[in-house]
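# build the 3D model from these lines:
(4 chains)
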Number of protein chains: 2
Amino acid sequence: MAIPRAAKTQRRTRIQEEKEELILEAALDVFSQNGFRGSTIDQIAEAARMSKPNLLYYFRTKEAIHRQLIDRVLTTWLEPLRVFDATGDPESEIRSYIRRKLEMARDFPRESRLFANEILQGAPRIEEELKGPLKELVDEKADVIRTWSRAGKIARCDPYHLIFSIWSTTQHYADFDVQVRAVLGQAHSGDGRFEDAARFLEQLFMDGLRVR
Amino acid sequence: MAIPRAAKTQRRTRIQEEKEELILEAALDVFSQNGFRGSTIDQIAEAARMSKPNLLYYFRTKEAIHRQLIDRVLTTWLEPLRVFDATGDPESEIRSYIRRKLEMARDFPRESRLFANEILQGAPRIEEELKGPLKELVDEKADVIRTWSRAGKIARCDPYHLIFSIWSTTQHYADFDVQVRAVLGQAHSGDGRFEDAARFLEQLFMDGLRVR
DNA sequence: GTAAGCTTTTACCAAGCGGTTAAATTATCG
DNA sequence: CGATAATTTAACCGCTTGGTAAAAGCTTAC
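Numbers count the residues shown, from 1 in each chain, chains lettered A, B, ... in the order given. Got it, this is the predicted structure:
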């Protein structure tokens, strides 16, 4: 008996691997719907179909679970921006960035909402990541866009606000899903709204950024 | 003693008027930052500088406070859309709608975040309002936009997604303020970012919607 | 002024919270 | 198999939570 917690022995067992994944999956459900303070360990434990103490055997605290989730999401969430290529064709790079972000909103809405919840509540747990890695990545890509803009390949515009507008329009379909559904009604209860959105956004950004 | 609570006597006293306003103001601070479940009555009471039981004398429950706030916000929040005029010039109507929404994001960020929090968490307390009054208003304005679109006054586009994109791009500056600040850095710590955003969004939407 | 009603405070409660302890159970490996 | 380590459970703890009871203090209309 007297277990100094699995983590001590650097080796992770098969069960650890599985259970931690199970917990993170459950926690994503719960945190993305209720935010950090609004979620309870009991809720997560129930969603993961295990007892609270058992869950706390794998993650010391509620914060530890949230922390790991956020770190993971932040990485995958920025992937589309990372592949933004300076040597590519501006129009198609922007077009495919929009498409990719919209696909993520469709396929990973919980991740989007987890992130949105965090930012909305002042990002107390990820301020550093925002001011560090995120800002650096955006600065880098903003430079790329500015170059295109100055070379006359796209319209002159503020690259930061261009990025913000792509983020907001696409993530809207994940974060405000309930509202979007309510407004559109039964008509687009399937994934049709994503196709319509893709068409609209492509048109908006392509025509809005075309050199004139 | 034995107070059947002020509300019973339909008349509202001066003190009731003042204190209820004070509480709602404090609650807006707290709810907009922490969401419903993440906020406590004690927090609100402290922000309103009164004791918890005293606060509960004016509002029976935490939900009652939240309810009233949401109702209020929903009304004022949709005001800019309401004034959207079918007989006006399409370009300037859309332009001024964007400007107004952006001003609201700048001047009433708490209201925006309160609303965002609610939607993000599945809008359990306002589903009816969304499917009723909100949907009706949007349907009506979407019709206006569609008419303009068909008359060749603006580009052909899905009016619903146009409205969504205006909502999301403008509210982004309230709801994701922390992220916007983190990315822009010290450079635009004042209100400069709103002016830049206004310039960018006007260009994006005006050029994006121009008939070609 | 005073009586009635309105407002505030003090003291309290049951339920829910994040987290711990220690013992019981199960998996792993020689 | 048997021992050792990993996992799960039951019982519990102190604190916070939303909300109540009742009495004390204050306003207001007559």
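
# pretty sure A:P159 contacts A:S149?
Yes - the pair A:P159 and A:S149 passes the contact test of C-beta atoms under 8 Å, sitting 6.9 Å apart. For the C-beta atoms, the positions are set from N, CA and C on the backbone; glycine is no exception.

# which neighbours do the two have in common?
Taking C-beta atoms under 8 Å, 6 or more residues apart in numbering or on different chains as the contact criterion, A:P159 and A:S149 have no common neighbours.

# and the spatially closest residue to A:D191 that is not a sequence neighbour, how many residues sit next to it?
Taking C-beta to C-beta, 6 or more residues apart in numbering or on different chains, and ignoring the residues beside it in sequence, A:D191 has A:R106 as its nearest neighbour in space, at 6.5 Å. By the measure other C-beta atoms under 10 Å in any protein chain shown, the count of residues near A:R106 is 19.

# wait, doesn't A:R106 sit right on A:T170?
No - using C-beta under 8 Å as the test, A:R106 is too far from A:T170 to be in contact (9.4 Å).

# anything in the longest helix seen in chain A near DNA strand C?
Ordering each helix of chain A by length in residues (DSSP state H) puts helix A:14-38 first. Yes - against DNA strand C, helix A:14-38 shows contacts by C-beta under 7 Å from any atom of the strand at A:14-15.

# stretch A:39-55 too?
Yes - for stretch A:39-55, a contact with DNA strand C is found by C-beta under 7 Å from any atom of the strand, at A:39-43, A:52-53.

# give me the contact list for the strand or helix carrying A:A182.
Here A:A182 sits within helix A:177-184, counting by DSSP states H and E. The list of residues contacting helix A:177-184 from outside it, by C-beta under 8 Å, 6+ apart, reads A:109, A:172-173, A:188-189, A:193, B:119, B:122-123, B:127, B:130-131, B:134-135, B:138, B:160, B:164.

# select from the residues you listed every entry located in helices.
Among those, the members falling in helices (DSSP H) are A:109, A:172-173, A:193, B:119, B:127, B:135, B:138, B:160, B:164.

# which of those residues count as buried?
Among the ones in helices among the contacts of helix A:177-184, those that count as buried by neighbour count (16 or more other C-beta atoms under 10 Å in any protein chain shown) are A:109, A:172-173, A:193, B:119, B:135, B:138, B:160, B:164.

# mind putting the residues you listed in CSV, distance to A:F200 and pLDDT included?
Supplementary listing: those in CSV, determined by distance: C-beta to C-beta, whole Å; pLDDT from 0 to 100:
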residue, distance to A:F200, pLDDT
A:P109, 19, 97
A:H172, 12, 98
A:Y173, 11, 98
A:R193, 10, 95
B:I119, 20, 95
B:K135, 19, 96
B:V138, 15, 97
B:Y160, 9, 97
B:F164, 8, 98
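
# and of these, the nearest to DNA strand C?
Set against DNA strand C, the nearest of these by C-beta to the nearest atom of the strand is B:I119 (22.0 Å).

# I'd say the closest one and A:F176 touch.
Yes - counting by C-beta under 8 Å, B:I119 touches A:F176, with 5.2 Å between them.

# need the overlap of contacts for those two.
Overlap of the contact sets of B:I119 and A:F176 (by C-beta under 8 Å, 6+ apart) is empty.

# that older thread, A:L78: which of the ones in helices among the contacts of helix A:177-184 is nearest?
When the ones in helices among the contacts of helix A:177-184 are ranked by distance to A:L78 (C-beta to C-beta), A:P109 comes first, at 17.0 Å.

# right, and the closest one touches A:F176 too?
No - under the criterion of C-beta under 8 Å, A:P109 lies out of contact with A:F176, with a separation of 10.3 Å.

# thought A:D158 was touching B:E195?
No - A:D158 is beyond contact range of B:E195, at 10.4 Å (criterion: C-beta under 8 Å).

# neighbour count: these two, which is higher?
Neighbours of A:D158 and B:E195, each counted by other C-beta under 10 Å, are more numerous for A:D158; the result is 20 against 13.

# how close does A:P109 sit to B:K62?
As judged by C-beta to C-beta, to the nearest Å, A:P109 and B:K62 stand 28 Å apart.

# other SSEs contacting the lowest-mean-pLDDT helix or strand in chain A?
Taking mean pLDDT, DSSP states H and E as the measure, the helix or strand of chain A with the lowest value is helix A:127-129, at a mean of 89. When contacts are defined as 3 or more C-beta pairs under 8 Å, 6 or more residues apart in numbering or on different chains; DSSP states H and E, helix A:127-129 sits against helix A:62-82.

# redo that, cut-off 6 Å
Under the contact definition 3 or more C-beta pairs under 6 Å, 6 or more residues apart in numbering or on different chains; DSSP states H and E, helix A:127-129 sits against no other helix or strand.

# up against DNA strand C, what does chain A have?
Those residues of chain A that sit near DNA strand C, judged by C-beta under 7 Å from any atom of the strand, are A:1, A:3, A:13-15, A:39-43, A:52-53, A:56, A:60-63.

# which among these end up buried?
A:39, A:41, A:43, A:56, A:62.

# got a list of what the last one touches?
Residues touching A:K62, when contacts are defined by C-beta atoms under 6 Å, 6 or more residues apart in numbering or on different chains, comprise A:I41.

# what do you get for A:H172?
With contact set as C-beta under 6 Å, 6+ apart, A:H172 has these partners: B:164, B:168.

# likewise A:L55?
Counted by C-beta under 6 Å, 6+ apart, A:L55 has contacts A:23, A:45.

# per-residue pLDDT, the closest residue to A:K131 other than its chain neighbours?
In space, A:K131 comes closest to B:A182 once its chain neighbours are excluded; the distance is 4.8 Å by C-beta to C-beta, 6+ apart. Per-residue confidence (pLDDT) for B:A182: 96.

# and A:W148, how far is that from chain B?
A:W148 sits at a distance of 15 Å from chain B (criterion: C-beta to the nearest C-beta, to the nearest Å).

# surely that residue touches A:P90?
Yes - under the contact definition of C-beta atoms under 6 Å, A:W148 touches A:P90, with a separation of 4.4 Å.

# what do those two both touch?
A:I154.

# if we can go back for a sec, measure the residue nearest to A:K131 to DNA strand D for me?
Distance from B:A182 to DNA strand D, counting by C-beta to the nearest atom of the strand, to the nearest Å: 27 Å.
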